[in-house]
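Asker: Quick one, structure for this:
(2 chains)
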Amino acid sequence: MQVFKTFFMILKKSAPQMCIYLGVFLGLSIMFTTIAPSTQQAASFEPSAFRAAVINKDADGELSKAFVSYLEETAELVDIGSDREALQDAMFFRKIDCVITIPENFSADFLAGKDPQIQTSSIKDSVGAVYAQMQIDKYWSTAELFRDFGGDAAPERIGGWTAESLREQAVVQLSDESVGDPSQNQLNYHFRYLCYVMIALMILGITSIMMSFNKKDLRMRNLCSPLKLGRMNLQIVLASLLFSVASWAILVGLGLILYMKSIVSAQMVLLFCLNSFVMMLCCLSIGYLASLFVKNRNVQGAVYNIASLGLCFLSGVFVPQQLLGSTVKAVASFTPTFWYVKANDEISALSHYDWDAVSSIVGYAGIQLAFAATILLVALAIGRYRRRSNA
Amino acid sequence: MFSHTYINRLKIMVRQKDTMFWSLLFPLLLATLFYFAFSNLTSAENFEIVPVAVVDDAAYREDALLTETVKAVSQESDDQLFTVTYTDEEEAAKLLDEGKVDGYIVMESGQPKLVVKQSGINQTIAKAFLDEYIKTGRSMETIAEQNPAAFAQGLLEKLSERNSYTKEVPLGKDDSDPTVNYFYTLLAMTCLYGGFLGLKCVTDTMPTQSPQAARLNVAPVHKAKAFTYGLLAALTINLVQTLLVLAYVTLVLGVSFGSQIGFVLLAILAGCVTGVSFGAFLGTVIPGKENLKVALLIALSLLFCFLAGMMFIDMKYIIATNLPLLSYLNPATLLTDAFYTLYAFDNHNRFFLNLMLLGGMSVIMCTASYFVMRRQKYASL
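Answerer: Sure thing, here's the model as predicted:
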């Protein structure tokens, strides 16, 4: 088993670089999963709130005060101050959906029937802005009713009645088939980013090793050794498999330990593992294919970065698939990673595990296997062609 | 003398394939990937008309106010909220399960109820609509108690009126697109990768770093001059690269950098100067061999870009609001912010603050490199 041992001796040399990847990946995974709120199957309906910054220039107006306290209940108010650039920054980075400015004397003007207007600055055409608009109009249309028909009531009473009318809300029921937001499951995040690091690690690992084995002089020396070529290749294949399975097991294991709380069921874990295992085989083929073109460290750096970043950006590893444009998705469906992410999203959305629900996921895994086989065959064909043309 | 050193330095650097890959092809590639991945990102926040189903039974038809308002908000217009499918309860549940509608409205003991599959903004809008309806009923009761004459005064006509109580006052650009920040950080990265070229200059001029530099050391050339000319060559290449990336990003990918092209070019010049000085600084101040310095350069530039929001856009805002000092010390953030202020604001105060900080940084780094390199003498190399 000399070849087998040599494989791991060479691998050791690339270990620091691969450890960096492991570290970066864990950092990414932990960061994104902590930022994403962990929502499990929701037990009750949670209305979304729009986020707004309120500038109240009519601090003494009774109705304006009442309006602000209504906003405090229905919206998520963010305190940014009234500096225009700070507000613009917050809006650009989508920390708020809109800025609501209550002009001076608003309350008095409103009560006097002058139809003053609240100033809003919002993100154009955004859903948060539409919702904010609805809520603001709702408040003031109610207040207007009481102003016009409440029989000359004092402003406090108008505010009180308005608040009371708005307190009563529609009943919302979740259907039996209710699901949480699948993309927010922490395990889903972990397994999605797993794909990136696996591609990078496998290409890095396999090409580093094959670079040595493929060195012209070394290769010629090996070929004239008493070890048969077939046996030599078999040992390399076994060693690569061991390397890949071990890296896969480490990555998956870490994820399961870190996000133990997000585990919904054993079946789900099993499906995640199956899916990522198939992806691992794909990465292995990609790594082998890449090793045919990588002759030195510089090319290696270029190849694994292009392959890992390219595949992951296009197929929805970094940006959720539902946010990709349809052309991008059409192109991405020619990559194995696209099917990996698709399967991943479906797994985390599953609520039961009968064949009907699981069959499509198994199908996606099958597509990935087909990709793995095709890439491997292409690589073998290229390898064979090169050997012949060199001979 | 100048042209000889300058031109040969240019040739040496352009022939460095790996440096050229990282400082030119890699940013171009990333820009393309960003473009494909992020082109649809902001559309997720756009309001789209909410598909709902209504269980069209006797109880629903009886409620004139509800039927009328549902009809009103589902009519095709600028203010359209819903597209409505009228159906029976079984079919409505099926539509909901298949994801064809976001929710359905059904009457239950005289009150409308909303059935949804999950919490979300569209579902919330549907709920807000029903809230409005319930509120109207509620306020009519209150008014009837307080002022029985209200109906005679035209309460019902008032109810059918739909007024807007707001006026949209844009803060600046009201259609600002946050994804431009990704491309701004990318350009900042390209500038900082000019550090590879600056570092290369040091490696070729500092006698302990390479045989070529040792050879140069015995040549009758003023070292400071040779080094400065080299850095100028590095700056030239970095500028050309960054302009190429800028041209690709604006002309091919159509990313907006605002309309003040002169200021954008000024920012790029400042960025490239900072990038090249950054490389020279690392090369001289950090002891050790070239590989270590290259690794450090990559790690630091990526860290800077990460903090400026290249991998995660909120990062820039998080740092700016919680650790503002760090924003002022991070060259990638300064450069990104310079592009951003040109895009979003109509004054140049923050833009010039950013540029001044970048300039100050470059001066400090260049001075430090100079003091490390000057008057070095070697007994043996």
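Asker: Quick check: A:Arg384 vs A:Leu229, distance?
Answerer: 12 Å (C-beta to C-beta, to the nearest Å). No exception for glycine: its C-beta is placed from N, CA and C like everyone else's.
Asker: wait, I meant A:Phe371
Answerer: A:Phe371 sits 27 Å away from A:Leu229, going by C-beta to C-beta.
Asker: ok, which residues in the stretch 201-350 of chain B are in contact with chain A?
Answerer: Within the stretch 201-350 of chain B, the positions lying close to chain A (C-beta under 8 Å from any C-beta of the partner chain) are B:311-314, B:316-317, B:320, B:340, B:344-345, B:350.
Asker: For B:Lys17, grab the count of nearby residues.
Answerer: When neighbours are counted by other C-beta atoms under 10 Å in any protein chain shown, B:Lys17 registers 12.
Asker: Relative to chain A, how far out is the residue nearest to the spatial centre of chain B?
Answerer: By C-alpha atoms, centre = their mean, chain B has its centre lying nearest to B:Asn181, at 2.2 Å. In this view, B:Asn181 and chain A are 8 Å apart by C-beta to the nearest C-beta, to the nearest Å.
Asker: and the residue of the stretch 151-300 of chain A found nearest chain B, how far is that from A:Lys295?
Answerer: Relative to chain B, the nearest point of the stretch 151-300 of chain A is A:Ala170 (3.4 Å; C-beta to the nearest C-beta). Using C-beta to C-beta, we find A:Ala170 at a distance of 67 Å from A:Lys295.
Asker: So which of these two has more stuff around it?
Answerer: Each of A:Ala170 and A:Lys295 has its neighbours counted (other C-beta under 10 Å); A:Ala170 has more, 19 against 13.
Asker: And the residue lying closest to that one once chain neighbours are set aside, which helix or strand is it part of?
Answerer: Counting by C-beta to C-beta, 6 or more residues apart in numbering or on different chains, B:Leu130 is the residue found nearest to A:Ala170 once chain neighbours are left out, at 3.4 Å. In the assignment (DSSP states H and E), B:Leu130 maps to helix B:121-146.
Asker: coming back round to it: quick one: contacts for the residue of the stretch 151-300 of chain A closest to chain B?
Answerer: Residues near A:Ala170 by C-beta atoms under 8 Å, 6 or more residues apart in numbering or on different chains: B:111-114, B:127, B:130-131, B:133-134.
Asker: Make a markdown table from those and add distance to A:Ile203 and pLDDT to it.
Answerer: Shown next, in a markdown table, are the contacts of A:Ala170 (distance: C-beta to C-beta, whole Å; pLDDT from 0 to 100):
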| residue | distance to A:Ile203 | pLDDT |
| --- | --- | --- |
| B:Gln111 | 61 | 83 |
| B:Pro112 | 57 | 88 |
| B:Lys113 | 55 | 88 |
| B:Leu114 | 50 | 91 |
| B:Lys127 | 49 | 89 |
| B:Leu130 | 54 | 88 |
| B:Asp131 | 54 | 87 |
| B:Tyr133 | 59 | 83 |
| B:Ile134 | 59 | 84 |
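Asker: Helices of chain A, start to end?
Answerer: Using DSSP state H, the helices of chain A run over A:2-35, A:62-74, A:84-92, A:106-111, A:127-149, A:155-167, A:186-213, A:216-223, A:229-258, A:266-291, A:297-315, A:326-332, A:336-349, A:355-390.
Asker: want to throw those into CSV with distance to B:Glu89 and mean neighbour count?
Answerer: What follows is these, written out as CSV (distance: least, C-beta to C-beta, whole Å; neighbours: other C-beta atoms under 10 Å in any protein chain shown):
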stretch, distance to B:Glu89, mean neighbour count
helix A:2-35, 39, 15
helix A:62-74, 30, 19
helix A:84-92, 42, 20
helix A:106-111, 43, 20
helix A:127-149, 27, 22
helix A:155-167, 29, 19
helix A:186-213, 33, 24
helix A:216-223, 73, 10
helix A:229-258, 42, 16
helix A:266-291, 32, 22
helix A:297-315, 40, 20
helix A:326-332, 34, 15
helix A:336-349, 25, 25
helix A:355-390, 24, 14
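Asker: Lowest average confidence across those, which one?
Answerer: Sorting those by mean pLDDT places helix A:2-35 lowest, at a mean of 81.
Asker: Point out the other helices and strands that it packs with.
Answerer: helix A:186-213, helix A:229-258 (3 or more C-beta pairs under 8 Å, 6 or more residues apart in numbering or on different chains; DSSP states H and E).
Asker: Any chance of CSV for those, columns distance to B:Gly120?
Answerer: Shown next, in CSV, are the helices and strands packed on helix A:2-35 (distance: least, C-beta to C-beta, whole Å):
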stretch, distance to B:Gly120
helix A:186-213, 17
helix A:229-258, 27
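Asker: Looking at those, spot the one closest to B:Met1.
Answerer: helix A:186-213 (43.1 Å; C-beta to C-beta).
Asker: dump the residue contacts of residue 96.
Answerer: All of this is about chain A. If a contact means C-beta under 8 Å, 6+ apart, then A:Ile96 has A:51-53, A:78, A:80, A:87, A:90 as its contacts.
Asker: that's the wrong chain, I wanted chain B
Answerer: A:175, A:177, B:53, B:102-104, B:115-117.
Asker: Secondary structure of it: a helix, I assume?
Answerer: Yes: counting by DSSP: H, G, I helix; E, B strand; the rest coil, B:Leu96 is part of a helix.
Asker: Give me the nearest residue to residue 155, chain neighbours excluded.
Answerer: Using chain A here. Of all residues not flanking A:Pro155 in the chain, A:Glu62 sits nearest, at 3.9 Å (C-beta to C-beta, 6+ apart).
Asker: I was thinking of chain B, sorry if that wasn't clear
Answerer: The shortest distance from B:Leu155 to any residue other than its chain neighbours is 5.3 Å, reached at A:Phe149 (C-beta to C-beta, 6+ apart).
Asker: Domain boundaries for chain B, per the record?
Answerer: B:2-37+B:179-373, B:48-160 (automatic domain parsing).
Asker: roughly how far apart are B:Pro112 and B:Leu81?
Answerer: For B:Pro112, the distance to B:Leu81 equals 15 Å [C-beta to C-beta].
Asker: From what I see, A:Ile236 and A:Phe213 are in contact.
Answerer: Yes: the pair A:Ile236 / A:Phe213 is scored as a contact, 7.0 Å apart, by C-beta atoms under 8 Å.
Asker: how many neighbours does B:Thr67 have?
Answerer: Considering only other C-beta under 10 Å, B:Thr67 is surrounded by 14 other residues.
Asker: Spit out the contact partners of it.
Answerer: For B:Thr67, the contact set (C-beta under 8 Å, 6+ apart) comprises B:60-61.
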